[in-house]
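> All I have is the shape, not the residue letters:
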């Protein structure tokens, strides 16, 4: 495929070997690959790149690289499954646990300029640069090690589901190279390769973060009106320092999305109220994965807030309602 004549395109990429995880390579140590120069466009940067294709093992489907070598190095992911090479987990889970901020732009022109600069940096660096950002977080790394698989998960290499079987029209029977199963519906069935790469709106990552939050006692309350998180065990600090620590630990939070932030010095805690419930849940999951939030060099615990007790007319109305119910019940009992 020839490169497009566009001044905003970096050009093409050629590589001698792909960047793959153990699962995608398969159990066969003598795997054979086909190599096609500029065989397809990268799903992320849209540049023609070298495509590798291989069969990971008996009974598996043929796999191929989906993104270019440079995009894989930037995020430190496999070129095929787009999972982190060190932990084998989605990018969104890794970034949330490590407090890593993605600096990669998504607009076409800025994206090409950004990738071009990173390529030049990696060429000049003796050990090579992989991630677009790096933050040391011991608690986050321990969490990632705990949920990461210790062995390759070769079940991911299974053939795709036979579309003719789903329609009830497959006549090949046991000779059919595809799986004869009914696809499962749900949020996990709706995955996008671009969202997985940038670590945004990944349903698999959301499920994993939600499960970890529940395990650590940070299950989101059923009352959807609760959008407040409590930071407990804070040192002597200021509102600006707490805001800076929150944005640093959760780069996806914008200052305008925080409705209010109140520090109670006597109790060494802070109440952070968000405008949206979805954002509060996302922050809770990320801070739980990181083992809390670090403010002024000290780790603080994060818990969900509680619903405010009813006051004034609402409480009186609720009391009158319960009182009338009790009276009616008493009258029915006496009669």
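Noted; the coordinates are in hand. Predicted model only: the values in this text are computed from it and were never measured. Residues are numbered from 1 along each chain as shown.
> For residue 300, give its distance to residue 275.
According to C-beta to C-beta, to the nearest Å, residue 300 stands 22 Å off from residue 275. The way it works is simple: take the backbone N, C-alpha and C, and place the C-beta from them, glycine included.
> What of residue 49?
As judged by C-beta to C-beta, residue 49 and residue 275 stand 41 Å apart.
> Between these two, which has more neighbouring residues?
Of the pair residue 49 and residue 275, residue 49 is the one with more neighbours under other C-beta atoms under 10 Å, namely 28 against 12.
> how about residue 35, secondary structure?
Using DSSP: H, G, I helix; E, B strand; the rest coil, the structure places residue 35 in strand.
> Disregarding residues adjacent in the polypeptide, which is nearest to it?
residue 52 (5.7 Å; C-beta to C-beta, 6 or more residues apart in numbering).
> same thing with residue 200?
residue 92 (6.8 Å).
> before we move on, what about residue 282?
In space, residue 282 is closest to residue 252, 6.9 Å off (C-beta to C-beta, 6+ apart).
> tell me the helices in the stretch 1-150 of the chain, going along the chain?
22-25, 69-75, 91-98, 108-124, 138-147 (DSSP state H, counting those that start in this stretch).
> any idea which of these is most buried?
With neighbours taken as mean count of other C-beta atoms under 10 Å, the helices of the stretch 1-150 of the chain reach their highest mean count in helix 91-98, at a mean of 26.
> who touches it?
75, 77, 82-84, 87, 100-102, 135, 137, 140-141, 143-144, 147, 196-200, 202, 205-206, 208-209, 285-286, 289-290 (C-beta atoms under 8 Å, 6 or more residues apart in numbering).
> do stretch 13-24 as well
33, 37-38, 42, 47-50, 52, 56, 63, 65, 68-70, 72-73, 78-81, 83, 85, 88, 152-154, 156-157.
> From the chain's centroid, how far away is that stretch?
Distance of stretch 13-24 from its chain centroid, counting by C-alpha atoms, centre = their mean, to the nearest Å, is 23 Å.
> three-state assignment of residue 152?
Quick answer, by three-state DSSP: residue 152 is coil.
> Any chance of the backbone angles for it?
The phi/psi pair for residue 152 (degrees, to the nearest 10) reads phi -60, psi 140.
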